Structures are given as C-alpha cells and as structure tokens.
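Trainee: predicted model follows, preceded by the sequence.
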Amino acid sequence: MATTAVLPERKNYINAEHGIRSWLFTTDHKRIALLYLLSITAFFFIGGFFALLVRLELLTPAGDLLLPDTYNKAFTMHGQVMVFFFLIPSIPAVLGNFLIPIMIGAKDLAFPRINLLSWYIYIAAGLLYLHCIFTGGVDTGWTFYTPYSSLFSNSRVIEAGLAIFISGFSSILTGLNFVVTVHRMRAPGMTWSRLPLFVWAHYATSIIMLLGTPVIAITLVLVVLERALNLGIFDASRGGDPVLFQHLFWFYSHPAVYIMILPSMGIVSEIVTCFSRKRVFGYNFVAMSSIAIAVIGFLVWAHHMFVAGISLYAALVFSFLSYLVAVPSAIKVFNWTATMYKGSISFSTPMLYALGFIGLFTIGGLTGLFLACLGVDVHVHDTYFVIAHFHYVMVGGAVLGYLGGMHFWWPKISGRMYPEGWGRVSAIIIFIGFNLTFFPQFVLGYMGMPRRYWDYSHMPEWQGLNVLSTAGASILAVGYLLPMVYFLWSLRYGKIADDNPWLATGLEWRTPSPPPTFNFDETPVVTWEAYEYDKMPLPEEVTLER
Amino acid sequence: MSDSHAIGETPLAVEHEARPELRHHFADEQQQRNAASLGMWWFLGTEIMFFGGMFCAYLVYRRIYFPEFAAASRSLDLIVGTLNTAVLICSSLTVAMAVRAAQMGKRKLQVQLLLATIFFGLVFLGVKGYEWSNKYKEHHIPTFHYNVVGGNGDLIKENSAFLGIDKVKNDPVKLAAREAEIQKHTQIFYSLYFALTGMHAIHMIIGVGIFSVITWMAWKGRFTPEYHTPLEIAGLYWHFVDIVWIYLFPLLYLIDRRPGA
C-alpha cells in the first residue's frame, strides 16, 4: 500500500514515509487505522471459514462432514473470532481511528502512542488466539459458560480466554483515546452540538468499551484461574454459582452488541443525510439516542438468562428494560426515514448499504422484541430464531454499516474511487445473500431447531430451509469477496478521487484525499452546523436526473 | 518510540521547538495536561469496573455462605493487615508531598519523597508475601493442600457455634457432611481473597515500576513547577491502588470481627 502515491507533488499520510518500519512504528492514526484494516480483514476471513464449515455441515440432516467435537469447535471459533477479533474492533479501530480526529479538526488522537500500543495488543491477542486455533481449538461456545469451560472441556479454553482478555485491553485503550479526544481535541468552534453523528456514536461506543470490557476481563481471569488451579468459584458442585458467571459475562457481552451496532448507526446517519441532500432530521435526538442506548444497554443483560433460573421478578424487570432499549433504536430508524422524506435521494453504493442496514436492522431489532418477551423467549430460547435475530443485528446491521462506511470513505482513505457499478452489485448481492442465509433460520428456529446441534436427522423436514440458508451463505461469501477485490484493484486503477467526491459536509471532506499527515494544513475553525446540505450544491448526477 | 512524522518540514516543528514537552498534536500545554488527566481518570473508571466484578462475586457469595465467610475472614491476620494499611496510607502521603515538591520546584525533596513511596510500596508487598506464606503454612491456599478442618489452619474450633457444627456434632454423618461443606465454601472465600489481593498486588508491582521511572525523571530534573504532568498522573494511579486497598481491608479483614455473631 505504501506505493500508491497519488499525486507525487502533494505529500499525504501514505507517501510521507516509506518502508515497513515507517508503518510498524507509526503513531499516525490514519496509518494505524490501515494496520487495523488489514488485521481485522484477515480475522474476518478466518471467522468466515468457520461459518462455512458450520453451514456445510448443516446442509444435510445427518452429521456427516465434521465430527461432533469439530463442529463444536467450528461454531465456537466462528463466534469468538467474529465477535472479539472482527466486529468489536471493526468500525471503531478502522473508520473511527481514521476519521474521528479529522472530523473534529484535530491533528491526531489524544494519545497516539497508546493508539499504536492498542494495535500491538490486538495483534498479540490475535496471535495467541491463532495459536489456540492451530493447537486444537476451543469448543465451549463463544460464551464460555461454566462449569463446562472451567471443568469439563478438553480444549484450549485457557489460551482462548487469555487471548480475549488481552484483546480487551486493546479495546479499552481505543475507547479511552476516543473519549479523551472528543472531549479535549476539538477544533475551535467544533461544539458538542456541531459534532458529526458518527463521532457521537463513537463517543457512546467508547463509554461502553470503557465500562464493560473490564468486567469481562476479570470474569475471564476468574475462569482461567478456576480452570488452571481447580478452584470452585463457578462450579455448582463445590458451592460456586454458574449463574453468577452468566451475569458477569452478559454484563459485558450484551452491551458489546451495542459496541458493534452503534458505530454502524453513526455511519448510516452520515450516509443517509449525504445521499438525501438534506439536513439530518432531529440531530439532537439521533445524538442523544446513542447515549441512551449506551446507558440503557447496560441494564438489560439478564434477558439472555430467562431460562437460567433467575427469579421471575428479576426477569420481569429485565424484560421491561429490554423493551425500553428499543426506543432509542427506533428513534434512529424513524429519524433516518424522516431525513430521506422529500430528499434528493441518489442510490450510490454507500446509500444502498445504508438502506440495507435500515431494513435489516429493523427486522433484527423487532425480533429482539420477541426475545425480550418472557413467554416467547422461553419458546425460542437457544433456537435458530435467536441465531437469526442476532445475525440480523450483527451482520445485517454492523457489517453492512461497516461496508457502507468503507465505500463512503474509501476515496478519502485511498485517494481513489472504487468502481461504482461493481459497488452497487456487491451491495445487492450481499443483501440477497444475507436474507437467503438468515431468514430461513427464523422459520427453523420457530419450528424448534436448536442452535449448536450438529445433526438434525430426527427432523429431516428441516433440510429444505437449511439448504436455502447454506446456499445464501455462499452467495454472501461472494458478496464479501467482491469489495475486497475491487478495493485492491482501485488502489492502482481506480479513478483519482476529489477532495470531496460526494459533495458532503464534514471536516474530513475539506482536506485533501488522502489527507496529509497532520490532517489539515491549518487548524480549521468551525463556524457552521453539521449537515448543512441545504447550503451545499447538488451533485451532477442528481441534477441530471431531474 | 519517537514520532515517525516528518516534523522537520512543517511550521509546527518551529512552533514546538522551544517547548520539548509539548507533543506535536496538542495546541498548548494546557490542552495536553487536561487530556492526560482526563485519560487517567477514565482509565481509573475502567479499573473500578475491573475490581468491581470481583467485589460483586465476593458480596454475592458472602451473602450465600455467610458463616463460612465470617469464619474464614477471622483467620486473616488483623495486626499485619492494619500495619499494611498504615504503610499504604503513608505511601500515598509521600506521593502527594512529592507532587507538592514538584510544584515548588524542589528537585532533591521530590526524589527523596518518591524513593520513600517506592520503599513503602515494597514494604507493603513484602508484608503481603509474609501473610501469604503464613496462609500457605496454614493450608489456606486453595488447591495447595487446602484444609480448614483440623490441622494447622483449623477454622472450626473457634467458630463451631455459628458454623453450625455444635448442632450436628453427635451425628457423625451430618458432621462429616457439614465439614465437607465448610471445606468447599471457605475455599470460595480464599479463592476470592487471593484473586482480589493478588490483583491488587499486581497493581502495586506495576505502580512500583511506574514510580521507578518517575523517580528517575525527577532525579534528571525533568519536572518543573510548570510541567510535572507525568508525576501527577502516576500519583493518581497510586492513590487509586491505595483506595482499592482501603475498600479491600474492611471487606476482607474487618467486616466479620463482631464477637459472638
């Protein structure tokens, strides 16, 4: 990548320095974002490989492709890689890292060296997890439920637990950097009410990272200690309480879902307003709903445990609070819709991804309400209904938002345009492949197909829907490979990008593409509101279409 | 790790040349100090959550297994614990005084106070090691020949009434069952005791490491009345680790001392 000098006469962050050392020891947030981009992409494909194994096994009712233990490892490592090594760092560490300082008019994050450190911690954790994969893997399910994980599992639980413990520090340091940067590094005139919604979303995300991650860290330490030293903290046969483990685990792991989805919501807010050529509808509500999600998101964790033997009254409260967290999410969806209303909408690739996000997230969110309802949850608990629900949120939501953001800011990151036609094709393929993969799983789950089963030969009538799902997964795989191919292609052959190809507002579009090392030649002074699209000219294609 | 940016080509470098402490991406020292201090406060927030998980587990189990937890808590050495608390409070005092000395620009005094801090920190760790070695001799460390029924570290003799031993002592079957329960449930207390104090000790060791660097910087005369942010930030961390102990001490040592409970 270091060789993609765009304009030889203009220095930017990519051609400012050359050689592998200039990347490995960089403290430039934009370069660190690219380091993260490469590493999380690698983990995305590792996690995808395990997903493929799971889907292939479920193609036929009999357990005939993998051994049962191997199947357990495949879905466990799919979950852990995707959650801890892809989804949680994905948008914050790549796009957040790249954009937050530029969006608020700063030269860098508040702690550039800590930013680099967080990447190295991530890599150390990733290598430890790879070691775990290659020396036998882990089979506890991504949730590490005790006492299976601490006593009975004959797999590499300690390595996996420590890897995730370590990766937590990378996430904490990233969150810390973002919060301090947003508080302390804003350019003159960049008031809180002028912050881009992308930044608001990351601010809320960072708060969750800071307050949630330490809890899973200490919980995993206790599990590792219990397993290594044969303690009884979470072992019911020795007086320990496995449900306490679940409480501590979900105290982080439910808010972690909002770590994944909030940044995507931030991206969608940027894209929808840009491609509707309208001010975002209800700026304050969209911004504050991010904070509300972060706060309420901490109070709903036990809805994962309705059948774990918690008290009915606790379950009622958690059920109510889980309904409550849907309110700020709904505010966002309604506001995006209202933003588009009577806007001059153009269906460029980022907008297609954003629209896909809105639809799929809405389905994911509404089925979340089914699960928040005590009675329904008892029926569909631990079935494919749950799997489908959270994939609609995490893949249909978080990943589509991530890809939309990658397309939207790719000209800024690389200085080149991706091929627009292929971009639209990829967005459509992913949307179709995704729905084909996961919609049948709602039906399967409602019919009673349990999650984590390797063999369903007692119910051969489930095969049809499973075949659909596996077929969808292969379409989805093509959809994910496409952007990777044409992004790489565009580095050399793509059209050279303008500073502001979308005619978007926002400070990141007022600096060259790619930006110089210190982002701006002079510290900008902000005198305008966010999203003043009513004062921006319409892009050419919109004017032509009229 | 120095900046890899080509600073020499930008006007920033000229502007920043006269102020070596000011890093390139900050506008002025005020902004840099505020960022550092806010960063440390948030980091301490994460530390509260980190210890919070263990405190939560401790309180849950203390409620479920109150008699066993009380008996085990009484086996901790009150005198040594109190001594260590005093040592730690002294170390926080010397940190605060070192910051003051930096504000007044007294380099020698700073170094002396910082060395005293490190000394108190090491004394604390030494005393903790002594306590743990006693626990080892009493077979109170889980998995290492753990035993609280009879032997060196017998917990039953002194607490037999409220442990419910007296009620069942004439029935050998029930007695054995109760003793097995006590064995298991006190082990949860000690697991959490060692996890909590161990995690605290790791923070102390990190603190001693940080303060060794800070002392070296102070000795080199790097801190002036205008610029001593690293010392202040490290001090915040030290005070935090101290405060964790201020909560641990009553929760682990003092809470169940009430006679006859």
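Mentor: Received, thanks.
Trainee: tell me the secondary structure at the residue of the stretch 51-200 of chain B found nearest chain A.
Mentor: Chain A sits closest to B:Gly53 of the stretch 51-200 of chain B, with a gap of 3.9 Å, by CB to the nearest CB. Any C-beta I mention is one placed from the backbone N, CA and C, and that applies to glycine too. Using DSSP: H, G, I helix; E, B strand; the rest coil, the three-state assignment for B:Gly53 comes out as helix.
Trainee: wait, what's in contact with the closest residue to it other than its chain neighbours?
Mentor: If the residues on either side of it in the chain are set aside, B:Gly53 comes closest to A:Ile218, at 3.9 Å by CB to CB, 6 or more residues apart in numbering or on different chains. A:Ile218 makes contact with A:248, B:50-51, B:53-54, B:199 under the criterion CB atoms under 8 Å, 6 or more residues apart in numbering or on different chains.
Trainee: got a list of what residue 159 touches?
Mentor: Because you didn't say which chain, this covers chain A. Per CB under 8 Å, 6+ apart, neighbours of A:Glu159: A:128-129, A:131-132, A:135, A:138.
Trainee: actually it's chain B I care about, not the one you picked
Mentor: Remark: with contacts taken as CB under 8 Å, 6+ apart, B:Asn159 is in contact with B:67, B:70-71, B:74.
Trainee: narrow the residues you listed to those in helices?
Mentor: Taking DSSP state H as the definition of helices, the contacts of B:Asn159 contribute B:67, B:70-71, B:74.
Trainee: on that earlier part again, buried subset of the contacts of A:Glu159?
Mentor: Those of those that meet the buried threshold are A:128-129, A:132, A:138, by 16 or more other CB atoms under 10 Å in any protein chain shown.
Trainee: and those residues, which is closest to chain B?
Mentor: A:Leu128 (19.1 Å).
Trainee: what residues are up against the closest one?
Mentor: For A:Leu128, the set of contacting residues under the criterion of CB under 8 Å, 6+ apart consists of A:159, A:162-163, A:166.
Trainee: contacting residues for the closest residue to A:Leu66 other than its chain neighbours?
Mentor: Leaving aside its sequence neighbours, A:Leu66 sits nearest to A:Glu57 (CB to CB, 6+ apart; 5.1 Å). Shown in contact with A:Glu57 (CB under 8 Å, 6+ apart): A:63-66, A:71, A:74, A:454.
Trainee: pLDDT score assigned to A:Ala217?
Mentor: With respect to pLDDT, A:Ala217 scores 96.
Trainee: with the one 4 residues further on instead?
Mentor: The predicted structure scores A:Val221 at 96 on the pLDDT scale.
Trainee: so who does the residue in chain A sticking out farthest from the centre touch?
Mentor: Seen from the C-alpha centroid of chain A, the residue lying at the greatest distance (CA atoms, centre = their mean) is A:Arg238, 38.5 Å away. Applying CB under 8 Å, 6+ apart, we find A:Arg238 in contact with A:232, B:184, B:187-188.
Trainee: which two in those residues are spaced the farthest apart?
Mentor: Using CB to CB, the contacts of A:Arg238 span at most 7.3 Å, a distance reached by B:Lys184 and B:Ile188.
Trainee: higher neighbour count, the two?
Mentor: Of the pair B:Lys184 and B:Ile188, B:Ile188 is the one with more neighbours under other CB atoms under 10 Å in any protein chain shown, namely 28 against 19.
Trainee: among the contacts of B:Asn159, who's most crowded?
Mentor: Per-residue neighbour counts (other CB under 10 Å) across the contacts of B:Asn159 peak at B:Ala71, which has 23 neighbours.
Trainee: ok, now which ones touch that one?
Mentor: Counting by CB under 8 Å, 6+ apart, B:Ala71 makes contact with B:155-156, B:158-159, B:162-163, B:182, B:186.
Trainee: how far away is the nearest residue to it once chain neighbours are set aside from A:Tyr283?
Mentor: Counting by CB to CB, 6+ apart, the nearest residue to B:Ala71 once its immediate chain neighbours are dropped is B:Asn159, at 4.1 Å. B:Asn159 sits at a distance of 63 Å from A:Tyr283 (criterion: CB to CB, to the nearest Å).
Trainee: please apply the same query to A:Val257.
Mentor: On the measure of CB to CB, A:Val257 and A:Tyr283 end up 25 Å apart.
Trainee: next, format the contacts of B:Ala71 as a markdown table and append secondary structure and pLDDT.
Mentor: As requested, the contacts of B:Ala71 are arranged in a markdown table below (DSSP: H, G, I helix; E, B strand; the rest coil; pLDDT from 0 to 100):
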| residue | secondary structure | pLDDT |
| --- | --- | --- |
| B:Leu155 | coil | 87 |
| B:Ile156 | helix | 87 |
| B:Glu158 | helix | 84 |
| B:Asn159 | helix | 85 |
| B:Phe162 | coil | 83 |
| B:Leu163 | coil | 88 |
| B:Ile182 | helix | 94 |
| B:Thr186 | helix | 94 |
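Trainee: out of those residues, who's nearest B:Pro225?
Mentor: Of all the contacts of B:Ala71, B:Thr186 has the smallest distance to B:Pro225: 53.4 Å, by CB to CB.
Trainee: which residues are contacting stretch A:473-491?
Mentor: A:1, A:4, A:41, A:44, A:48, A:51-52, A:55, A:403, A:406-407, A:410, A:414, A:416-419, A:422-423, A:425-426, A:429-430, A:432-434, A:436-437.
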